Structures are given as structure tokens and as C-alpha cells.
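[1] No sequence on hand, only this structure:
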């Protein structure tokens, strides 16, 4: 008997790409899905990542960086001025 394909599971985490004000970038930062999706959209992810950064900074002894932009990983961003066709 053939196996049935499994249904996609609800993702426990959403991945974000973070660009800091100094120009550095960190990819695939995990944020629990439960924090997202309300009227605030992805804004709670910024708070969660800032909290992660504070914990990392405390352990490393280096200051936490300020977040410039925050986007979901894998999201395609169109570059302005490019024409297709």
C-alpha cells in the first residue's frame, strides 16, 4: 500500500534576517510563532530579537547592536530600478 503524504506542520518558529545600524547582518534568527500574527504584525519579533541580543551581549561582554531593519528570511525583496522583460 502506498504511503500518504504528511500534512505540513505548523511552524514553531519564524526565521528573520536582521541588519544592524553598523551594517552587519545576522540571518535566520528564530522567533516563536506564538508571538507573531496579531495587529502588531512582525513588530513583536523585534522585541524578541532585541532580548536575544541582550543575552548574547551579556555573555560575550560586548555591547548589543541596534537593529536597523528586520525582514522574514526567504522573503523576496524587489530591487528598485530593475526592469524585467
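    Thanks, I have the structure now. Here the structure is a predicted model, which is why all the values come from computation and not from measurement.

[2] Spell out, range by range, the helices that occur in the chain.
    43-60 (DSSP state H).

[3] Tell me where the model's unsure across it.
    Where the chain drops to pLDDT under 70, the residues are 1-2, 4-10, 75-85.

[4] Mind doing that once more with 90?
    The model of the chain has pLDDT under 90 over residues 1-12, 33-43, 74-85.

[5] who does the spatially most central residue of the chain bridge with?
    The chain has residue 16 as the residue nearest its centroid, 1.2 Å off, counting by Cα atoms, centre = their mean. Beta-bridge pairing for residue 16 (DSSP bridges): residue 29, residue 72.

[6] Check the gap between it and residue 41 for me.
    Applying Cβ to Cβ, to the nearest Å, the value for residue 16 to residue 41 is 12 Å. Heads up, the C-betas are built off the backbone N, CA and C, glycines and all.

[7] How about residue 20?
    Separation of residue 20 from residue 41 (Cβ to Cβ): 21 Å.

[8] Of those two, which one has the most company?
    When residue 20 and residue 41 are compared on other Cβ atoms under 10 Å, the one with more neighbours turns out to be residue 20, at 15 against 9.

[9] hang on, that one packs against residue 65?
    Yes. Using Cβ atoms under 8 Å, residue 20 makes contact with residue 65 at a distance of 4.1 Å.

[10] wait, what's in contact with the residue nearest to residue 24 when sequence neighbours are not counted?
    Closest residue in space to residue 24, ignoring its immediate chain neighbours: residue 65 at 6.9 Å, by Cβ to Cβ, 6 or more residues apart in numbering. Residues near residue 65 by Cβ atoms under 8 Å, 6 or more residues apart in numbering: 20, 21, 22, 24, 53.

[11] Look up the closest residue to residue 54, ignoring the ones flanking it.
    Leaving aside its sequence neighbours, residue 54 sits nearest to residue 64 (Cβ to Cβ, 6+ apart; 5.3 Å).

[12] repeat for residue 12
    Excluding the flanking residues, the one nearest residue 12 by Cβ to Cβ, 6+ apart is residue 33, at 6.1 Å.

[13] burial measure for that neighbour, as a count.
    Applying other Cβ under 10 Å, we find 12 residues neighbouring residue 33.
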